[in-house]
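# Requesting a structural model of the entry that follows:
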Amino acid sequence: MLKKLRVVLAWIFWIGITLLFLDFTGALHGYLGWMAKLQFLPAILAVNVAVIVFLVLLTLVFGRVYCSVICPLGIFQDGISWLGTHKNKKPYQYRKENKWLRYGVWVLFVVCLIAGVHVVVTLLAPYSAYGRMVQNLLQPVYLWGNNLLATLSERAGSYTFYEKEVWLKSVPSLLIAIGTLVVVAALSLKGGRTYCNSICPVGTTLSFISRFSMFRPVIDREKCKHCKACELHCKAQCIEITKDSAHIDYSRCVDCFNCLDECKFGALKYKYAWKKEIRNDDVMPDTDRASGRRAFMAGTAIAVGAAALKSAEAAAQELAKKTDGGFADVLPKQAPQRGIPLTPPGSASVKIFYQHCTGCQLCVAECPNNVLRPSGNLEHLMQPEMSFEKGWCRPECTRCSELCPAGAIQKISREEKTEYHVGTARVNVDLCLEATGKSKCGKCAESCPAGAIAMVQQEAGRRPVITEEVCIGCGKCEYLCPVRPISAITVNGRTQHI
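Numbering: from 1, shown residues only. Have a look, this model is predicted:
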């Protein structure tokens, strides 16, 4: 019964989060957005105290059910390992904990999180890793399917579906998504939850708490026949059955309840076992208990310290090429070099945005204007940035601020969006058609929604002049500029937005 309940809940979460990344209409966020905000690392970075307390209490009471029910990458591993065991008929076997790898990766992750080296953080975070795989690999297939339906429905005289452009947003992000898929799938096929229990920093963090969970699978030594059925079906590979002992490593147990279903002698029960002596070798030795307590206290202190540090930094920040225009209809636009990256309205500053962003790319997947794409810059690799080759940031659109689970983009209204000056437009007079006398234009001045651009008459002719204090950095001027491949007017980011 417990396994069936776990599987049903896991399917609900996995399908919900996957659809959240696939949905390009924004219709599902109101129903499923809370699933993204329940993810552990985004909650830490957003300093979402309610979610953090809930997940800690959930683990303390029931064990690592987060890994089996809420985490999409964990559920994905279950699916891959299920395919592997059913195809090859190869059972699992107990594996000793790889402490050097497990805690080495965790220490590296925490140090990088505090130091702001987000390349490592975004690479290892499980929710972000899954989001990148869906956004880079599955969403294009989903969009092609949608476009096929749009074509068929249009021929039938219906406009129920509409076409959505499919384009490669970032080669590095695509390659990393493929690499992540290969690594996770290989580990899952061979060893079930190996990634969760040897690499994943969230799993290691929760393991400090799960050692002392109130409810857990317990082996009754008197009923156990040492048949090893539970060990052979434990995808966490944390159950060891020998002739003389029966042991469960609760720090690695993800509460999948496979063992309960496989035991034919009633020797395994999921029961209240907090601070109780169990009559089997399953009880953690005193030395292990002491080391577990020290590890838990150290992990909690570091995690809380990191959250407090980021909260303080956020509060402090809140205070504180030439080309020929004649080929405009042939050459596609290219992104210009920007000294400061452009981050979305709702991020108080570039620094705050990249400190909180987990690189899950949910905002990239759902941006209706094709403005957001993963950065290829090593410092902010896989984290989103704005660019205007495919569209511009419309004043009425606030979708990215509504769905960011990590607090990197604060929820804002349409009125508040006009107060965020994320960038400033600059004119390259050597490229401008009007300034060089090649052609009459003035598109930038005509289209600017903030009224920040005016065409001023000079001796050589008219040229655009920008009032920087008024410019909000929406990128409409850069997008509509007819000069190719680099626009004559480009938007550079601002370090402070409000």
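
# alpha carbons only for contacts and neighbour counts from here, please
Noted.

# Who are the contact partners of residue 174?
136-137 (C-alpha atoms under 8 Å, 6 or more residues apart in numbering).

# Number of residues surrounding residue 117?
Number of residues near residue 117 (other C-alpha atoms under 10 Å) recorded here: 17.

# swap in residue 242?
If you count neighbours by other C-alpha under 10 Å, residue 242 ends up with 10.

# wait, what's in contact with the residue nearest to it when sequence neighbours are not counted?
Nearest non-adjacent residue to residue 242, counting by C-alpha to C-alpha, 6 or more residues apart in numbering: residue 226, 6.6 Å away. Residues near residue 226 by C-alpha under 8 Å, 6+ apart: 241-243, 246.

# Need the buried ones from these selected in ChimeraX.
Selection command for ChimeraX covering only the buried members of the contacts of residue 226, criterion 16 or more other C-alpha atoms under 10 Å:
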select :241,246
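
# Which ones among the contacts of residue 226 map onto strands?
With DSSP state E as the criterion, strands contain 241, 246 from among the contacts of residue 226.

# among the contacts of residue 226, which two are most distant?
243 and 246 (8.3 Å; C-alpha to C-alpha).

# what comes into contact with stretch 181-196?
With contact meaning C-alpha under 8 Å, 6+ apart, stretch 181-196 is reached by 67, 74, 77-78, 80-81, 83-85, 92, 133, 203-204, 235-237.

# Tell me the buried residues in it?
181, 184-196.

# repeat for stretch 445-457
Using 16+ other C-alpha under 10 Å as the test for burial, stretch 445-457 gives 445, 448-449, 452-455.

# what would the residues you listed look like in TSV with secondary structure and pLDDT?
Shown next, in TSV, are the buried residues of stretch 445-457 (DSSP: H, G, I helix; E, B strand; the rest coil; pLDDT from 0 to 100):
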residue	secondary structure	pLDDT
445	helix	93
448	coil	94
449	coil	93
452	coil	95
453	strand	94
454	strand	94
455	strand	92
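
# Of these, just say which sits nearest to residue 16.
Using C-alpha to C-alpha, these come closest to residue 16 at residue 449, 36.5 Å.

# and the gap between the closest one and residue 348?
When distance is defined by C-alpha to C-alpha, to the nearest Å, residue 449 is 21 Å away from residue 348.

# and if you look at residue 113?
20 Å.

# Give me the more crowded residue out of these two.
Each of residue 113 and residue 348 has its neighbours counted (other C-alpha under 10 Å); residue 348 has more, 25 against 22.

# Tally up the residues packed near residue 338, please.
Neighbours of residue 338 using other C-alpha under 10 Å come to 12.

# I meant residue 98, not that one.
Counted with other C-alpha under 10 Å, residue 98 comes out at 13.

# Give me the below-cutoff pLDDT ranges for the stretch 51-200 of the chain.
Applying pLDDT under 70 to the stretch 51-200 of the chain picks out residues 85-90.

# the helices in the stretch 201-350 of the chain, which residues?
201-210, 229-232, 258-262, 286-319, 350-356 (DSSP state H, counting those that start in this stretch).

# Against which helices or strands is the first one packed?
The contact analysis (3 or more C-alpha pairs under 8 Å, 6 or more residues apart in numbering; DSSP states H and E) places helix 201-210 against helix 49-62, helix 99-115, helix 194-198, helix 286-319.

# quick one: the closest residue to residue 153 other than its chain neighbours from residue 19, how far?
Leaving aside its chain neighbours, residue 153 sits nearest to residue 159 (6.2 Å; criterion: C-alpha to C-alpha, 6+ apart). Distance from residue 159 to residue 19, counting by C-alpha to C-alpha: 22 Å.

# Check residue 115 too.
Distance of residue 115 to residue 19, computed by C-alpha to C-alpha: 33 Å.

# Pick out whichever of these two has more residues nearby.
When neighbours are counted by other C-alpha under 10 Å, residue 115 and residue 19 differ, and residue 19 comes out ahead with 16 against 11.

# What's the per-residue pLDDT of the more buried one here?
pLDDT, residue 19: 95.

# What is the helix or strand hosting it packed up against?
Assigned by DSSP states H and E, residue 19 belongs to helix 2-22. Counting contacts by 3+ C-alpha pairs under 8 Å, 6+ apart, helix 2-22 packs against helix 29-37, helix 72-88, helix 139-155, helix 362-366.

# could you redo the last one with a cut-off of 10 Å?
For helix 2-22, the helices and strands in contact under the criterion 3 or more C-alpha pairs under 10 Å, 6 or more residues apart in numbering; DSSP states H and E are helix 29-37, helix 72-88, helix 126-133, helix 139-155, helix 258-262, helix 362-366.

# Residue 454 is in contact with residue 467, correct?
Yes. With contacts counted by C-alpha atoms under 10 Å, residue 467 reaches residue 454, the gap being 8.4 Å.

# returning to what we had before: mean neighbour count and distance to residue 488 for the helices and strands packed on helix 2-22 - can I get that in CSV?
Listed next are the helices and strands packed on helix 2-22 as CSV, based on neighbours: other C-alpha atoms under 10 Å; distance: least, C-alpha to C-alpha, whole Å:
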stretch, mean neighbour count, distance to residue 488
helix 29-37, 17, 37
helix 72-88, 19, 44
helix 126-133, 26, 33
helix 139-155, 16, 31
helix 258-262, 20, 62
helix 362-366, 24, 26
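
# Stretch 434-442: end-to-end distance?
Per C-alpha to C-alpha, the first residue of stretch 434-442 is 7 Å away from its last.

# My read is that residue 371 contacts residue 345, right?
No. In this structure, residue 371 is not within contact of residue 345 by C-alpha under 10 Å, at 11.9 Å.

# intersection of neighbour lists for those two?
Common contacts of residue 371 and residue 345 (C-alpha atoms under 10 Å, 6 or more residues apart in numbering): 393, 474.

# Which of the two has more residues huddled nearby?
Using other C-alpha under 10 Å as the criterion, residue 371 and residue 345 rank with residue 345 on top: 29 against 23.

# which regions of the stretch 301-450 of the chain sit below the pLDDT cut-off?
The stretch 301-450 of the chain contains residues with pLDDT under 70 at 301-330.

# Strands of that one, start to end?
Listed in chain order, the strands of the stretch 301-450 of the chain (DSSP state E, counting those that start in this stretch) span 372-374, 384-386, 423-427.

# Who are the packing partners of the last one?
Just to be clear, that refers to strand 423-427. strand 461-466, helix 476-480, strand 489-493.

# go again using 7 Å as the cut-off
Here strand 423-427 touches strand 489-493, going by 3 or more C-alpha pairs under 7 Å, 6 or more residues apart in numbering; DSSP states H and E.

# again, but for the first one
Contacts of strand 372-374 with other secondary structure elements, assessed using 3+ C-alpha pairs under 7 Å, 6+ apart, are made with strand 384-386.

# quick one: contacts of the strand it packs on?
341-344, 359, 361, 364, 371-375 (C-alpha atoms under 7 Å, 6 or more residues apart in numbering).

# what about residue 2, how many neighbours?
So residue 2, with other C-alpha under 10 Å, has 14 neighbours.

# quick one: contacts for it?
By C-alpha under 7 Å, 6+ apart, residue 2 lies in contact with residue 257.

# Relative to residue 479, how far out is it?
55 Å.

# cool, and residue 146?
Applying C-alpha to C-alpha to residue 146 and residue 479 gives a distance of 26 Å.
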